[in-house]
Every structure is written in C-alpha cells, then in structure tokens.
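Enquirer: could you look at this predicted model? Sequence included:
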Amino acid sequence: MNTTAVHTLSSHAPIASRRFTVRGPDGELAVTTWGDASLPVIVFVHGYPDNSSKWEDVAQQLCDDFFVVAYDVRGAGRSFTPASGTGAYKLDRLCADFTAVIDAVSPQRPVHLVAHDWGSIQAWEFATEPALAGRLLSYTTASGPCLDHVGHWMRDRIARPTPGNLWQVGKQLVKSWYIYFFHLPWLPEALWRGVLGRRWHQVLRVLESTSVPPREGQAHDGANGVNLYRANMLPRLFGPRARHAHAPVQVLALMKDNYVNPALTENLGRWVPELWRREVQGGHWLSLKNPTLFASLVREFVTHIEGAPASAALQHARVRSAPLR
C-alpha cells in the first residue's frame with residue numbers, strides 16, 4: 001500500500017511524505033518516509049503511548065538534508081497488533097522488526113538511529129545487538145535507557161548504599177510509578193479504552209505543558225503498549241546482560257523529565273566506547289514541545305558523524321569511556 005500525505009510546518013514549505021508497509025517477521029509494519037532516498041538515512045523510533053506521527057514536525061526540519069524514516073512499532077498506529085499477547089513484545093521481536101525496516105529502506109547503507117522513550121529502550125537493543133554491528137552509523141537517545149544498563153546501575157548503587165546512591169535509586173523508583181501500574185492485569189487496558197485514550201491530549205497539556213491534538217487510535221496504542229513493559233522490564237532489570245554499543249551514541253539527558261532520572265545516563269562510558277552526553281533543559285516530550293530544538297540536536301550530531309567538524313557544544317559533551325568493572 002502506498003499513499004502520500006503532506007504535513008504543515010511553518011519554517012518552510014512542507015515536504016510530502018510517502019507511506020507504505022514493510023513485511024516484518026511477524027506482520028506488516030507501517031513506514032513513513034520524507035525526502036530524497038539518496039541522502040544519509042535517519043530512522044526514528046517512537047515511544048509509548050505514541051506512534052510514528054509524533055515525528056512529523058521533527059522530520060520536516062531534517063528532510064531537506066536527510067532521508068527520514070519513521071515506523072509504527074508493533075501494536076501501534078497502522079502496524080500489526082500481535083495476536084499472541086505479551087511475549088510478542090519482547091526486545092528480540094522488536095529488534096527483528098527494526099531489522100526488517102532498515103533492510104527495506106536502506107539495504108546497502110548503514111543508518112543513523114534516533115529514538116525516544118520506549119523507542120529508545122528498544123533502540124538500545126538495536127545499538128548493542130552484535131548482529132546489527134555495521135548497520136548503524138550513530139544512535140541518538142532521549143528519555144529511554146537501556147534496561148540492562150539500568151539493572152547494572154541499580155545493582156552498583158545498592159551494593160554501595162551511600163545516601164547519594166540510595167537517593168538516586170529511590171528517586172527513580174518514584175518516577176517509575178506507572179510501570180508498577182502497567183503490570184496489573186486488564187486494568188491499564190480498561191483505563192486506556194475507557195477514558196484515558198480520549199483524554200490523553202489533555203493529560204499532556206496539564207502535566208507536561210505540551211499541546212497536541214486528539215489522535216484517533218490513541219486508546220489502541222496505549223492499551224497495546226503496556227505489553228512492552230510486561231514483556232521486558234522485570235527480566236532485564238533483575239537479570240541484566242553486558243550490552244556494549246557498536247555505534248557512536250548521543251544521549252540527550254532531559255533535565256526536567258518527570259519519568260526518567262537523568263542520573264541513569266551519567267556513567268555509560270563503561271558500555272559505550274564513543275559517547276556524547278548532552279544535558280538539555282527540557283521535559284520528557286521535548287520532541288513534541290520543541291521539535292526545532294530536538295531536530296537541531298540530532299542534526300548537529302549526525303552531521304559530525306558524517307564527517308563535519310564537531311561544534312564546541314559537541315566537543316564539550318564528549319565522554320571519555322571507562323573500563324568495564
């Protein structure tokens with residue numbers, strides 16, 4: 001299926017997007033692209049409870065200079081919804097979906113990867129999966145840590161129970177209140193289908209000062225997406241693996257994030273040989289509230305990885321890697 005849509009952005013004349021589907025290992029994945037396919041490729045992965053439409057304004061900022069790709073993850077947007085329940089949302093299945101997308105849109109060239117929230121959590125799996133080594137040129141992550149890294153982070157702090165370490169762990173446990181709720185049976189889905197799906201745009205406006213229009217399918221995306229938490233959070237946090245990035249990583253540490261403690265990304269040098277960490281004065285949905293800023297941070301990093309000199313800000317953000325302890 002191929003359709004064309006045009007999205008409006010005030011900064012320049014809108015560029016048409018192309019929509020089509022890619023056959024993944026378990027079902028059809030809905031893909032949207034902007035720009036010229038001969039340009040460097042950036043693939044965006046959305047978080048929860050979003051779908052790929054959240055990237056439209058960011059894509060319009062970048063598609064003059066890059067081939068921008070976004071897709072609906074399984075269970076969201078126009079992509080397929082697994083029939084087999086929670087197990088179908090495990091990280092290895094999400095990684096297989098991503099592989100199918102890049103095989104379709106950029107089979108001969110590696111891509112740049114950008115992700116937010118649960119998109120970032122699963123994208124860490126892509127950026128640390130040995131089978132994908134050489135397929136990624138860079139990874140920019142916002143508001144979604146690697147679950148394995150968090151598992152090691154928590155173990156390290158509990159093993160050294162200083163007041164500061166225990167405060168950091170406790171702070172993140174409080175910020176993660178919704179994760180406990182999502183592990184309850186049927187109730188989260190009922191809430192999304194009953195009232196939250198209709199009111200989500202109002203929740204964002206009140207709690208995050210972020211204005212988005214009501215979106216058809218919001219209840220569907222929210223109800224299905226709780227399986228991401230149920231399938232992956234506890235196994236990875238309580239049994240963390242050693243996961244090392246095989247591509248340069250830019251971490252956007254959003255200092256006003258109500259859900260992810262920026263401290264989770266303070267000591268990633270042991271896992272990421274080429275790391276840039278940038279503290280940004282913004283909240284969890286920065287990409288929606290300020291797409292121009294988000295796009296500029298992506299552009300600055302990607303163009304540097306493509307060969308441009310590093311800006312002063314990027315030079316300052318470079319993190320010296322540390323040996324694995």
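Expert: Happy to help now that I have it. Predicted, not measured: the structure shown is a model, and the values here were computed from it.

Enquirer: now do the strands in the stretch 51-200 of the chain.
Expert: Ranges of strands in the stretch 51-200 of the chain, per DSSP state E, counting those that start in this stretch, are 67-71, 111-116, 136-142.

Enquirer: equivalent analysis for the stretch 201-325 of the chain, please.
Expert: So, for the stretch 201-325 of the chain - with DSSP E, counting those that start in this stretch - the strands run 249-254, 275-280, 318-319.

Enquirer: one step back: so which of the strands of the stretch 51-200 of the chain gets nearest A247?
Expert: strand 136-142 (4.0 Å; Cβ to Cβ). Quick note: C-beta positions are derived from backbone N, CA and C, even for glycine.

Enquirer: export that closest one as CSV, just CAs?
Expert: Taking Å, rounded to 0.1, in the frame of the first residue of the first chain, the C-alpha atoms of strand 136-142 are listed here in CSV:
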residue,chain,number,x,y,z
LEU,A,136,24.2,1.7,12.4
LEU,A,137,26.3,4.9,12.0
SER,A,138,25.0,6.5,15.1
TYR,A,139,22.3,6.4,17.8
THR,A,140,20.7,9.5,19.5
THR,A,141,18.6,8.5,22.5
ALA,A,142,16.2,10.6,24.7
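
Enquirer: which residues touch that strand?
Expert: 40, 110-117, 120, 123-124, 126-127, 245-252, 254, 286-287, 294, 297-298, 301-302, 305-306 (Cβ atoms under 8 Å, 6 or more residues apart in numbering).

Enquirer: re the thing from before, please identify the deepest-packed of the strands of the stretch 201-325 of the chain.
Expert: Stretch with highest mean neighbour count among the strands of the stretch 201-325 of the chain: strand 249-254 (a mean of 25; mean count of other Cβ atoms under 10 Å).

Enquirer: what's the single longest helix in the chain?
Expert: Identified as the longest helix of the chain according to DSSP state H is helix 218-238.

Enquirer: for that helix, enumerate the helices and strands it packs against.
Expert: Under the contact criterion of 3 or more Cβ pairs under 8 Å, 6 or more residues apart in numbering; DSSP states H and E, helix 218-238 touches helix 91-105, helix 118-128, helix 147-159, helix 177-182, helix 187-191, helix 197-208.

Enquirer: now tabulate these in JSON lines and tack on distance to L264 and mean neighbour count.
Expert: Formatted as JSON lines, these follow (distance: least, Cβ to Cβ, whole Å; neighbours: other Cβ atoms under 10 Å):
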{"stretch": "helix 91-105", "distance to L264": "18", "mean neighbour count": "19"}
{"stretch": "helix 118-128", "distance to L264": "11", "mean neighbour count": "26"}
{"stretch": "helix 147-159", "distance to L264": "6", "mean neighbour count": "18"}
{"stretch": "helix 177-182", "distance to L264": "14", "mean neighbour count": "13"}
{"stretch": "helix 187-191", "distance to L264": "23", "mean neighbour count": "16"}
{"stretch": "helix 197-208", "distance to L264": "19", "mean neighbour count": "15"}
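
Enquirer: appreciated, that's everything.
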